[in-house]
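1. Just need the structure, nothing else, for what follows:
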Amino acid sequence: MNLDEQQKIKYYKEKEKVDVVIKRNLKKQGHIVHGARALNQILPDFLDTPTEDYDIYAKKPKQAARRVEQKLDKAYGGDFFRLEKAQHPGTTKIKSNVTERTVADYTKPDRKVDSRKIRGIKYASAKYFKRKIKESLKNPDNKFRYPKDKEALQRIELAEKLKKQKVKQRRKSPKTFTELIGKKNSQRWF
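-> The predicted structure is shown next:
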């Protein structure tokens, strides 16, 4: 179905519907978000990187993608989205018929995914990312991913260092008024 100008304008005006529909489905189905969007969620905001699509793990990726694509079309009131096979075997993409961009990739996980729930949505954990990135960096077939993987690993490690520093600062901070002013000086105040 070809979309007319008014339908395309509607799509751009109501772009937030994509996030609403996908997030609602993630909460309901318990699928796990991975990739840049998950990293952005678990790392501090200043370590975020731009991303447009959702990378989602599901036990039955094709069926999950079809369900979400139908819900997106229903939310927009027309044939605004379609499914496509991805280069990676077993991955199904949901693409916008307006922008030709991918809004979500559904893949079956090849291993157990450590995750944490944030506001009702499961996100792959930093521990999972570190393990997967380190494996990827060892594999010569993934050379094309090295810069992206190295940068992601660096952001994770920076966040971990910041977290450790905050814990140390909390431990070093005085716990009582006497510790704050020193035991010798505490008598001056009373």
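
2. okay, CA-based contacts and neighbour counts for the rest of this
-> Will do.

3. per-residue pLDDT, R171?
-> Note on R171: pLDDT of 64.

4. Spatially nearest residue to G120, not counting backbone neighbours?
-> Nearest residue to G120, sequence neighbours excluded (CA to CA, 6 or more residues apart in numbering): K27, at 5.6 Å.

5. pLDDT weak spots in this structure?
-> Along the chain, the parts satisfying pLDDT under 70 run over 1, 168, 170-190.

6. Please, where are all the strands along it?
-> Assigned by DSSP state E, the strands in the chain fall at 32-34, 54-57, 81-85, 92-96, 102-107, 115-118, 121-124.

7. re the thing from before, how many residues are close by the residue nearest to G120?
-> 15 (other CA atoms under 10 Å).

8. contacting residues for it?
-> G120, I121, K122 (CA atoms under 8 Å, 6 or more residues apart in numbering).

9. if I look at the most centrally placed residue in the chain, how far off is G78?
-> Ranked by distance to the mean C-alpha position of the chain (CA atoms, centre = their mean), the top residue is A38 at 1.7 Å. For A38, the distance to G78 (CA to CA, to the nearest Å) stands at 29 Å.

10. cool, and A64?
-> 19 Å.

11. Have a look at the two and say which one is more surrounded.
-> Between A64 and G78, counted using other CA under 10 Å, the more crowded position is A64 (20 against 13).

12. For that one, list the residues it contacts.
-> Residues near A64 by CA under 8 Å, 6+ apart: A58, Y106.

13. Tell me where the chain has helices.
-> Using DSSP state H, the helices found in the chain span residues 5-13, 16-29, 36-42, 61-76, 126-138, 146-172, 177-181.

14. Of these, which is nearest S115?
-> Closest approach to S115 among these is made by helix 126-138 (7.7 Å; CA to CA).

15. Name the residues of the closest one that come out as buried.
-> For helix 126-138, the neighbour count (16 or more other CA atoms under 10 Å) marks A126, F129, K130, I133, S136, L137 as buried.

16. Next: stretch 103-120.
-> Here stretch 103-120 shows V103, A104, D105, Y106, T107, K108, P109, V113, S115 as buried, counting by 16+ other CA under 10 Å.

17. Tell me who's in contact with Y57.
-> The contact partners of Y57, by CA under 8 Å, 6+ apart, come to H31, I32, V33, H34, Y106, T107, K108, P109.
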